[in-house]
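J.: how does the following fold in three dimensions:
(chains A, B, C and D)
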2 protein chains.
Amino acid sequence: MPYPSQVNRENIIQQAWQMIEEEGVQQLSLNKLAASLNIKAPSLYRHVSSKADLLQAVNLLTLQKLFTDIASTIPADKPPLEQMTAVLHTYRQFALAHPHTYELVYQYNPAARPDENILVQLILPIQEIIAGVTGPDNSLAALRGALALAHGFVMLEINQQLQRGGDLDADYQQAVNAYLNGWQSP
Amino acid sequence: MPYPSQVNRENIIQQAWQMIEEEGVQQLSLNKLAASLNIKAPSLYRHVSSKADLLQAVNLLTLQKLFTDIASTIPADKPPLEQMTAVLHTYRQFALAHPHTYELVYQYNPAARPDENILVQLILPIQEIIAGVTGPDNSLAALRGALALAHGFVMLEINQQLQRGGDLDADYQQAVNAYLNGWQSP
DNA sequence: AACAAAGACTAATATTATTAGTCTTGTGTA
DNA sequence: TACACAAGACTAATAATATTAGTCTTTGTT
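T.: Okay, here's the model as predicted:
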């Protein structure tokens, strides 16, 4: 029965996000995705222009969830240093809770990269916070390093490249403390 | 003309490394790889057991190159802090010079992950150095953070997620300094 | 009432990695 | 020296993949 729309772009993206969340992007084929929506694969192309387009939308969804999470756990009444610590803590928690979808965001695929401007909008509030720690002149550099530290750490964790025992929670906390501390004492 | 071996495993891996280096793993098919060696794709399976097996060997090669590079630029007569700075500098230089092969190492694919024990052997000398900065008790945590910072930074660079201008060389240097500095002053 | 377009479908294609089976050519052993 | 055997190439075939083309039905609009 054509026409009475059985799915829409939003549906498709949500479902794709769920399936990637559960099984990883490698396990997602347009066939499986379509089947789970009770349609056939070619019908997806009425709503998304390509698989890369679909993945880009999925990635945007992931980033929105991530930054919503982060924003909701910033302690507004605490000093910037503590706020930034909370940001980096939540960042890691999110990535570990959603390894498949998180990882997809940073997987090399130019066509699936979310729009630059949207990313900037999401990250600006965090740059504000870190500016309170390092001063405004260094805020961009400090932000970049902080994101790098957090992203790098969780990627190594997710890819199981930190397998030599020890307490990863504690190690992360120590590394974050060292980094933020290092920006304060000249 | 079968038998007189036209290729061997070493050949294949070197060629695959070259092709990935130049065009990225997405552009590498077994067909293209075989053609460039003047054989047909199925013949590859006499030398590698699967594509994942091939990629694992390529990744090992990349890591060996990386750590050889690093080892060769450590200033032996300088204090540990300076040595570690050099390590992280070379790490980034390598990754930026070989984005495709570097990235493949950290791409999610359990089957293509190099052997854990080999990785440990490669990294131990660096842990020695950082132990000179932080003391032996914290050396593992500090090493993890340092790798995370370096890896995270270059991945964001490679994926062009640090596009807001500024001097990335300087930002990286500042972030590294802050991090190492932060481990020294309690 | 007629028509255009939305949205599903089937059928087909090109590219994948991979397997099965065949043929040839060296090599080690009787 | 003869001969089995295995290494290493090949062709042919398969299953899965993303994607395109073309068809048909339903709905909303003129």
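
J.: only C-alpha atoms for contact and neighbour calcs from this point on.
T.: Fine.

J.: let me see the ranges of the strands in chain A.
T.: Remark: strands of chain A are absent; assignment by DSSP state E.

J.: and A:Pro23, how far from A:Gln173?
T.: I think there's a mix-up here, since residue A:23 is Glu and not Pro. Counting by C-alpha to C-alpha, to the nearest Å, the gap from A:Glu23 to A:Gln173 is 29 Å.

J.: for these two, indicate the residue with more neighbours.
T.: Looking at A:Glu23 and A:Gln173 with other C-alpha atoms under 10 Å in any protein chain shown, you find the greater number of neighbours at A:Gln173, namely 16 against 12.

J.: now that one: how far from A:Asn159?
T.: In this structure, A:Gln173 and A:Asn159 are separated by 19 Å, where distance is defined by C-alpha to C-alpha.

J.: over to A:Leu61?
T.: Separation of A:Leu61 from A:Asn159 (C-alpha to C-alpha) stands at 22 Å.

J.: what parts of chain A come near DNA strand D?
T.: With C-alpha under 7 Å from any atom of the strand as the criterion, chain A comes near DNA strand D at residues A:1-4, A:27-32, A:41-42, A:45, A:49-52.

J.: how about A:Gln15, nearest residue that isn't a chain neighbour?
T.: Residue nearest to A:Gln15 in three dimensions, not counting chain neighbours: A:Leu33, with 7.4 Å by C-alpha to C-alpha, 6 or more residues apart in numbering or on different chains.

J.: for chain A, which residues are neighbours of DNA strand C?
T.: Contacts of chain A with DNA strand C, taken as C-alpha under 7 Å from any atom of the strand, map to A:1-8, A:38-44, A:46-47.

J.: in the longest helix seen in chain A, which residues are buried?
T.: The helix that spans the most residues within chain A, counting by DSSP state H, is helix A:51-72. Along helix A:51-72, the positions that meet the burial threshold by neighbour count (16 or more other C-alpha atoms under 10 Å in any protein chain shown) are A:54-63, A:66-67, A:69-71.

J.: outside of that helix, which residues touch it?
T.: A:13-14, A:16-17, A:30, A:48, A:87, A:90-91, A:94, A:101-102, A:104-105, A:111-114, A:122-123 (C-alpha atoms under 8 Å, 6 or more residues apart in numbering or on different chains).

J.: swap the cut-off to 7 Å and go again
T.: Contact partners of helix A:51-72, identified using C-alpha atoms under 7 Å, 6 or more residues apart in numbering or on different chains, comprise A:13, A:17, A:48, A:87, A:90-91, A:94, A:101-102, A:104-105, A:111-114, A:122.

J.: run a quick neighbour tally on the residue nearest to A:Gln15.
T.: By the other C-alpha under 10 Å criterion, the neighbourhood of A:Leu33 contains 20 residues.

J.: next one: it from A:Ala111, what distance?
T.: Here the distance between A:Leu33 and A:Ala111 works out to 20 Å (C-alpha to C-alpha).

J.: mind giving me the domain ranges of chain A?
T.: Following automatic domain parsing, one gets these domains for chain A: A:1-48, A:51-184.

J.: for chain A, what spans make up the helices?
T.: A:9-23, A:30-36, A:51-72, A:80-97, A:99-105, A:116-134, A:139-158, A:168-184.

J.: what average pLDDT does the longest helix of chain A get?
T.: For helix A:51-72, the per-residue pLDDT values average out at 97.

J.: angle of that helix against helix A:9-23?
T.: 80 degrees (axes from the mean of the first three to the mean of the last three C-alpha atoms, to 10 degrees).

J.: and helix A:51-72, how far from the chain's centre?
T.: Distance, stretch centre to chain centre, for helix A:51-72: 6 Å (C-alpha atoms, centre = their mean, to the nearest Å).

J.: CA-only coordinates of that helix in CSV, if you can.
T.: Output for helix A:51-72, consisting of C-alpha atoms alone and laid out as CSV, is shown next (Å, rounded to 0.1, in the frame of the first residue of the first chain):
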residue,chain,number,x,y,z
LYS,A,51,23.7,6.0,3.8
ALA,A,52,26.2,8.8,4.6
ASP,A,53,23.4,11.2,4.9
LEU,A,54,21.7,8.9,7.3
LEU,A,55,24.8,8.4,9.4
GLN,A,56,25.3,12.2,9.5
ALA,A,57,21.9,12.6,11.0
VAL,A,58,22.6,9.8,13.5
ASN,A,59,25.8,11.5,14.5
LEU,A,60,24.1,14.8,15.0
LEU,A,61,21.6,13.1,17.2
THR,A,62,24.4,11.5,19.3
LEU,A,63,26.1,14.9,19.8
GLN,A,64,22.8,16.5,20.8
LYS,A,65,22.3,13.8,23.4
LEU,A,66,25.9,14.1,24.6
PHE,A,67,25.8,17.9,25.1
THR,A,68,22.3,17.7,26.6
ASP,A,69,23.7,15.3,29.1
ILE,A,70,26.7,17.5,29.8
ALA,A,71,24.6,20.6,30.2
SER,A,72,22.3,18.9,32.7
